[in-house]
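# Give me a model of this one.
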Amino acid sequence: MNNNQLIFFNKEGDALNLNYDTTTGVYNGTLNFDENSSDTFKTIGLYLFEKVPSITFDSIDGDTNLQKFQLFNENRFTFTGNTYFTQSITKIEPINNHVDFYSKWIYGIDFETKYPIGSSITFNSPVFEFTSILTTYTVIGTKKGAVMIISPTNNRVFTTLYGGLTFSNKTISGLNTIGVYDYRRGAINQLSNWNEPSYYTYLYDKKKLTIVNGQHGSQSVVTIVNKDLLDRTYYNYNINQLMYTQSTDLNVKLTLKSNLPNIYTGGMDIIGNLVYLTNPIPKILLPGTQFVINN
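Below is the predicted model:
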């Protein structure tokens, strides 16, 4: 508080002419007490305010943006929640040394249970190719003590650059996220005009969001912690719609470049050279099919 910027009023709202002495740091002035009765006087209530500089509201940084919006569940919302933050990484390695693969294993204690498939994670400090703490990664696979993510660097280059290097005190954190499904295809916004196609321009750190009719019809309020986190684009397809009609077949070939596909989950007994499955045998297990037994 600036002592020389104070102004005084009585309880009736009248300004009291008190002057500030810069030498002594004391306000001086004369107060007249109204007579109440013989030898008694009324009290004076003192109220003070401080003069402060004027404030110019600027919404450039978003902190003073009061714009409200309603975003309706037009295509689907996805929610991911996590309470595991700053979990220590013990090792990072590619799943193979192939130039066409980009999948990496991130190892840590109980990572497969802390970050299930579909979770979003981020690195808390730079390590190897993961230099930005604002980039998020989606968990696409798990195994005992590890989670799989897709990174920008192919596995062969990754091995050449970082193979054999060690690190210490590196951690990842899970994220609590709200995903708006299929709201953009390339540069084209898919949300209807009656919805909020530009909702992302109204977001800022510390903004409160109310989720209505969520799981079990409940309502909750959440807070934006960091609006600058970036999603990675994993697939992007473009075709010329003029080349295709309703009677034209469109065949899409997807080559799996993350890990071996999961063909069976369930009980299993291995006796000698025979494997006994307790659940129904998948149709994909045809004669001659090779498969790997993990965990």
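
# Residue 89: neighbour count?
By the criterion of other CB atoms under 10 Å, residue 89 has 20 neighbours. For every residue, glycine as well, the C-beta is placed using N, CA and C.

# which residues does the closest residue to it other than its chain neighbours contact?
Nearest residue to residue 89 in three dimensions, chain neighbours excluded: residue 170, at 4.8 Å (CB to CB, 6 or more residues apart in numbering). With contact taken as CB atoms under 8 Å, 6 or more residues apart in numbering, residue 170 is in contact with 88, 89, 123, 124, 125, 127.

# and the gap between the fifth one and residue 170?
The span separating residue 125 from residue 170 equals 6 Å under the rule CB to CB, to the nearest Å.

# related to what we said a few turns ago, which of the contacts of residue 170 has the largest number of neighbours?
Neighbour max across the contacts of residue 170 (other CB under 10 Å) = residue 123, 22 neighbours.

# show me the contacts for it.
130, 133, 135, 170, 171, 172.

# Nearest to residue 148 among the contacts of residue 170?
Closest approach to residue 148 among the contacts of residue 170 (CB to CB): residue 89, at 13.7 Å.

# Isn't that closest one up against residue 172?
Yes. Judged on CB atoms under 8 Å, residue 89 makes contact with residue 172 at a distance of 6.1 Å.

# Common neighbours of these two, please.
106, 108.

# which residues touch the lowest-mean-pLDDT helix or strand in the chain?
None of the helices or strands of the chain scores lower by mean pLDDT, DSSP states H and E than strand 184-185, at a mean of 76. Applying CB under 8 Å, 6+ apart, the external contacts of strand 184-185 come out as residue 190.

# Return the distance of that strand from the chain's centre.
19 Å (CA atoms, centre = their mean, to the nearest Å).

# Kindly provide the distance from the residue of the chain most remote from its centre to residue 128.
Most distant from the centre of the chain: residue 38, at 72.9 Å, with distances by CA atoms, centre = their mean. Residue 38 sits at a distance of 90 Å from residue 128 (criterion: CB to CB).

# got it, and residue 157?
Residue 157 is 11 Å from residue 128, by CB to CB.

# Check residue 199 too.
35 Å.

# do the same with residue 33
78 Å.

# Between those two, tell me which one has more neighbours.
Applying other CB under 10 Å to residue 33 and residue 128 shows that residue 128 carries more neighbours, namely 16 against 10.

# Just the pLDDT for the more buried one.
Here the pLDDT value assigned to residue 128 is 96.

# ok, it touching residue 91?
No. If you go by CB under 8 Å, residue 128 and residue 91 don't touch, sitting 11.1 Å apart.

# give the contact list for residue 279.
Counting by CB under 8 Å, 6+ apart, residue 279 has contacts 264, 265, 266, 267.

# and of those, the nearest to residue 290?
residue 264 (13.1 Å).

# still on that earlier bit, tell me the one among the contacts of residue 279 nearest to residue 143.
Closest to residue 143, out of all of the contacts of residue 279 and judged by CB to CB, is residue 265, at 12.6 Å.

# excluding its backbone neighbours, what's nearest the closest one?
residue 279 (7.7 Å).

# Tell me the secondary structure at the one you found.
Assigned by DSSP: H, G, I helix; E, B strand; the rest coil, the conformation of residue 279 is coil.

# Please confirm that residue 161 is located within a helix.
Yes. Membership of residue 161 in a helix is supported by three-state DSSP.

# Quick check: it touching residue 154?
No. Using CB under 8 Å, residue 161 is not in contact with residue 154, being 10.7 Å away.

# Comparing these two, which residue is more hemmed in?
Set side by side, residue 161 and residue 154 show more neighbours around residue 154, with 18 against 11, by other CB under 10 Å.

# pLDDT score for the more buried one?
Looking at residue 154, the pLDDT reads 92.

# who's in contact with it?
In this structure, residue 154 makes contact with 98, 99, 100, 101, 102, judged by CB under 8 Å, 6+ apart.
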